[in-house]
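Visitor: Here is my input, please return the structure:
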Amino acid sequence: MKVAVVGGGICGLSLALDLHRHGIEARVYERAADIKALGVGITLLPHAMREFSALELGDDLLKAGIENRESCFFNRFGQLIYREPRGKFGGYQYPEVGIHRGKLHVILYEAVKARLGADAVVTDREATAVEQDETGVTVHFKGHDSVRADLVVACDGINSALRKQFYPDDKIAFSGINTWRGITRRKPILGGRTYMRVGSINTGKMVIYPIIDNVDGEGNQLINWMAEIKRDTYDKNDWNQPGRLDS
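Guide: Predicted structure coming up:
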């Protein structure tokens, strides 16, 4: 069996590795021209680390990120409400890891090339449609030749062109929550192994956790943060538009 995976993000690359682990041939087709370390932080909970460990990537991801020891919840005035141990410190078999999304992506990408071959990820391939017949499927790409496979799996994200083909009226639901994300370089907070939540969605919420240790050789960490608050309107936002400081 030959599988065409449309989308070379975390999901598509993980799927390709898992298919290879089970002896199934796969090739990934990614819209972007290059795979780059983009994004900010992401938390890999124990069940995610279990799956990555099955792909023999657990140690690499743990080395590239930071193992969380605890989670702390504060009210909006900075007063501690409760704390609890996380990951292995909370009794799980696998750790909880804070990591830069770009590092996770590149580790998956390099693993796919090493195990499936240098040509296993084809970039600059924007899928536009898929056709199925009795012998397999044909995937069509913008400006490039179509490819044949026994099976196609759409991993092309929230604006999936293939999903749109089958569900043309599908729309993204906006819940009224605005989110701002970023990373800051600074000294460790609470020992540098804590996942922090501050405040509530109604009055303003912060999520803060470290993702890279000693990022500059001076003991500073790269710390991921997310701020969000619920608005009264449900008008859909668009992250491709310029942001406004007054919003």
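
Visitor: so where's this protein uncertain?
Guide: For the chain, applying pLDDT under 70 flags the ranges 234, 236-241, 243, 247.

Visitor: can we see that at 80?
Guide: 172-174, 233-247 (pLDDT under 80).

Visitor: Bridged to Arg197, which residues?
Guide: On the basis of DSSP bridges, Arg197 is bridged to Phe73, Val207.

Visitor: Would you mind measuring from it to His100?
Guide: Look at Arg197 and His100: by CB to CB, to the nearest Å, they are 20 Å apart. Where you see a C-beta, it was placed from the backbone N, CA and C, and this is true even at glycine.

Visitor: higher neighbour count, these two?
Guide: His100 (23 against 16; other CB atoms under 10 Å).

Visitor: Specify the local secondary structure of the nearest residue to the more buried one once chain neighbours are set aside.
Guide: Leaving aside its sequence neighbours, His100 sits nearest to Ile211 (CB to CB, 6 or more residues apart in numbering; 4.9 Å). Secondary structure for Ile211, judged by DSSP: H, G, I helix; E, B strand; the rest coil, is strand.

Visitor: Can you report how many residues lie near Ile211?
Guide: Using other CB under 10 Å: Ile211 sits among 25 other residues.

Visitor: OK, contacts around it?
Guide: With contact taken as CB atoms under 8 Å, 6 or more residues apart in numbering, Ile211 is in contact with 40-41, 65-66, 98-100, 183, 221-224.

Visitor: can you check Tyr82 too?
Guide: Contacts of Tyr82 (CB under 8 Å, 6+ apart): 72-73.

Visitor: Bridged to it, which residues?
Guide: Phe73.

Visitor: Now Ala16: phi and psi?
Guide: Main-chain dihedrals, Ala16, degrees, to the nearest 10: phi -60, psi -40.

Visitor: Quick one: residues contacting it.
Guide: 5, 26-28, 112, 116, 120-121.

Visitor: switch the cut-off to 10 Å
Guide: Residues in contact with Ala16 (CB atoms under 10 Å, 6 or more residues apart in numbering) are 3, 5, 8, 24-28, 108-109, 111-112, 115-116, 120-121, 153, 155.

Visitor: Same question for Ile158.
Guide: By CB under 10 Å, 6+ apart, the contact list for Ile158 reads Ile172.

Visitor: Okay, and it sits in which element?
Guide: Counting by DSSP states H and E, there is no helix or strand that carries Ile158.

Visitor: now it: how far from Asp170?
Guide: The value you get for Ile158 to Asp170, if CB to CB is used, is 10 Å.
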